[in-house]
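**Student:** Here is a sequence with its predicted model. Questions after.
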There are 2 protein chains.
Amino acid sequence: MSLIDSVVMRALSTQGALSPEDKALLLGLELSPRYMSASEVLWQESENADLFCVVKEGWAYSYRNLKNGSKQILKFYLPGDIIGIRDFGFSRRLASVAMINKGVICPFSYQQLFELFGRSSLAAGIVATATRQQAQLSERLIYLGKYAAHEQLAHFLYEIYLRLKRINAVEDNSFFMPLTQELISDALGMSPVHVSRTFSMLREEGLVIRKRQHVTLPDPEALARLVEFNDSYIDEFLSPSFSELLKASP
Amino acid sequence: MSLIDSVVMRALSTQGALSPEDKALLLGLELSPRYMSASEVLWQESENADLFCVVKEGWAYSYRNLKNGSKQILKFYLPGDIIGIRDFGFSRRLASVAMINKGVICPFSYQQLFELFGRSSLAAGIVATATRQQAQLSERLIYLGKYAAHEQLAHFLYEIYLRLKRINAVEDNSFFMPLTQELISDALGMSPVHVSRTFSMLREEGLVIRKRQHVTLPDPEALARLVEFNDSYIDEFLSPSFSELLKASP
DNA sequence: CATCATTCATAACCTACGTTAAGATAGTAA
DNA sequence: TTACTATCTTAACGTAGGTTATGAATGATG
């Protein structure tokens, strides 16, 4: 199974809507996997934007450095995720991206992406991917705005849990999460100390067990109830009518 | 000048990248403007999603009702903005949308939008619109996470100011803003009382004058300096190479 | 005009979270 | 093994912003 087949197809195909021609187009793209070390930077804010990437292995994150010296993390990327769609259409990067641990990424040029437009219904798949990412950001916005720290952290952990489950990286309610509490604090907009406090709280309530980079959620549904999780933006694929249109299009 | 010409072209065309054929396609769409009253709801969260809208007149906002009784506003829509691109590709609405004051909107079906895909390079324009909206959300995320109330409010007002300036709705550093402090508080994730406090602060510093629904920024650049505003997501159009591709495509 | 509902301003008080700091634990290198 | 560093925990204290409440200004309606 080629890289494209395993990674990009998963990202773009939606309930088998990719036609054989679309697949051929994708497979025709030149793919040169890049091996990244931990903390390596993919690109910096305001650099020229001309490509996007699919994460094959490892975790990454996008962030913005703030004037007060701290940084705000916008999103964590797990294997199978697409990085840089956000910047498609802009000439420069809106945020920096760096690896968390070592991994492998597959770059595509926007030029290649663009050439797919008009030649196949892939455009819709790209749009769907972009909108799904946007939906995830919206969820984060909601939690940053109105919820207490323990609800934010619960929501965050449950989202990671669901996303990892989709790629079969959860076993026995446990998963590998290469994030420091400092990274989590940058993502949730709170202090590292308070992240620690909040983890302690969730641990005492038996909701989260954490040993270094190994996380166990003894009762994921209890977490989900705590945050009233809206999982449609993760689990839901394209709408049925949308899929029909995709299949029917030439 | 038709509705389409004035509103949608503005939204989708990017530095004259729309070809005559694209324009013909757009003009061929059936357009039935709908007259909306203040507070009227366009759609509710989790309703079936099958259309998007262009705002012709009036302001609107998307929001989510939270379990604790409050709501989080995701975005305010000004004349010329597209509502509902976010949901394209999902079968149900991820957020509710309601008018703020009375206005006029122009609905398009996703079906119509989809048919444009593959038949013209409009797809790229749609993607660009979606990504620009996503970029705006990212900016909000950054401000919610790490900045103090007065910085958040300054950022918010300056963003509105820039967006209104783009549609020539700013005169002499003043503009009409039909938002209550309660709506603003729902958008920024803070209490209405604190929005009032913060407005008082900015007023005392001579940065913002507000009389009911009329806002004046005596020195917009001073506000911008206060928040170190990143305006590329508003002012920047497509990247030059991207525009070239659009023009060159059949 | 009087009445009523919104919206806003300001004050008093309280709490969740930030900040600073000092240890504890684990992983790594010599 | 002994440092040495990164990461985490817990405590003590300060503050930004939440909550509640009261009154003023504005606008709508009869």
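**Tutor:** Happy to help now that I have it. Remember, predicted model here, so these are calculated numbers, not experimental data.
**Student:** show me the residues around A:Ser62 that make contact.
**Tutor:** By C-beta atoms under 8 Å, 6 or more residues apart in numbering or on different chains, the contact list for A:Ser62 reads A:73-75, A:77, A:83, A:86, A:95-97. Every residue, glycine included, has its C-beta placed from N, CA and C.
**Student:** other SSEs contacting the host helix or strand of A:Pro107?
**Tutor:** A:Pro107 is located in strand A:103-109, with elements delineated by DSSP states H and E. Helices and strands touching strand A:103-109, by 3 or more C-beta pairs under 8 Å, 6 or more residues apart in numbering or on different chains; DSSP states H and E, are strand A:34-36, strand A:51-57.
**Student:** returning to what we had before: confidence-wise, which of the contacts of A:Ser62 comes last?
**Tutor:** Among these, A:Arg86 carries the weakest pLDDT, at 77.
**Student:** Looks to me like it is in a helix.
**Tutor:** Yes. Membership of A:Arg86 in a helix is supported by DSSP: H, G, I helix; E, B strand; the rest coil.
**Student:** so it sits right up against B:Gln134, yeah?
**Tutor:** Yes. Counting by C-beta atoms under 8 Å, A:Arg86 does reach B:Gln134; the two are 5.8 Å apart.
**Student:** Hey, what's the angle from the longest helix belonging to chain A to strand A:51-57? Just curious.
**Tutor:** Looking across chain A with DSSP state H, the single longest helix is helix A:122-146. With axes from the mean of the first three to the mean of the last three C-alpha atoms, to 10 degrees as the basis, helix A:122-146 and strand A:51-57 are set at 80 degrees to each other.
**Student:** Let me see the mean pLDDT of helix A:122-146.
**Tutor:** 78.
**Student:** Can that helix be said to contact DNA strand D?
**Tutor:** No. Taking C-beta under 7 Å from any atom of the strand as the criterion, helix A:122-146 and DNA strand D are apart, separated by no less than 8.7 Å.
**Student:** Next SSE downstream of that helix?
**Tutor:** By DSSP H and E, the next helix or strand past helix A:122-146 is helix A:149-166.
**Student:** Show me the shaky parts of chain A.
**Tutor:** By pLDDT under 70, the low-scoring segments of chain A are A:1-31, A:89, A:114, A:116-128, A:230-250.
**Student:** where do the strands sit along chain A?
**Tutor:** For chain A, the strands defined by DSSP state E cover A:34-36, A:41-43, A:51-57, A:60-65, A:71-77, A:82-83, A:96-99, A:103-109, A:174-176, A:209-211, A:214-216.
**Student:** what separates the residue nearest to the spatial centre of chain A from A:Ala130, distance-wise?
**Tutor:** Residue closest to the mean C-alpha point of chain A, counted by C-alpha atoms, centre = their mean, is A:Tyr77 at 3.7 Å. As judged by C-beta to C-beta, to the nearest Å, A:Tyr77 and A:Ala130 stand 14 Å apart.
**Student:** swap in A:Phe156?
**Tutor:** Relative to A:Ala130, and taking C-beta to C-beta, A:Phe156 is found at 22 Å.
**Student:** Of those two, give the one with the bigger neighbour count.
**Tutor:** A:Ala130 (25 against 19; other C-beta atoms under 10 Å in any protein chain shown).
**Student:** Can you report how many residues neighbour the residue lying closest to that one once chain neighbours are set aside?
**Tutor:** Leaving out its chain neighbours, the residue that sits closest to A:Ala130 by C-beta to C-beta, 6 or more residues apart in numbering or on different chains is A:Ile85, at 4.9 Å. For A:Ile85, the count of nearby residues is 25 (other C-beta under 10 Å).
**Student:** hang on, isn't A:Ile85 packed against A:Phe52?
**Tutor:** Yes. Using C-beta under 8 Å, A:Ile85 is in contact with A:Phe52, at 5.6 Å.
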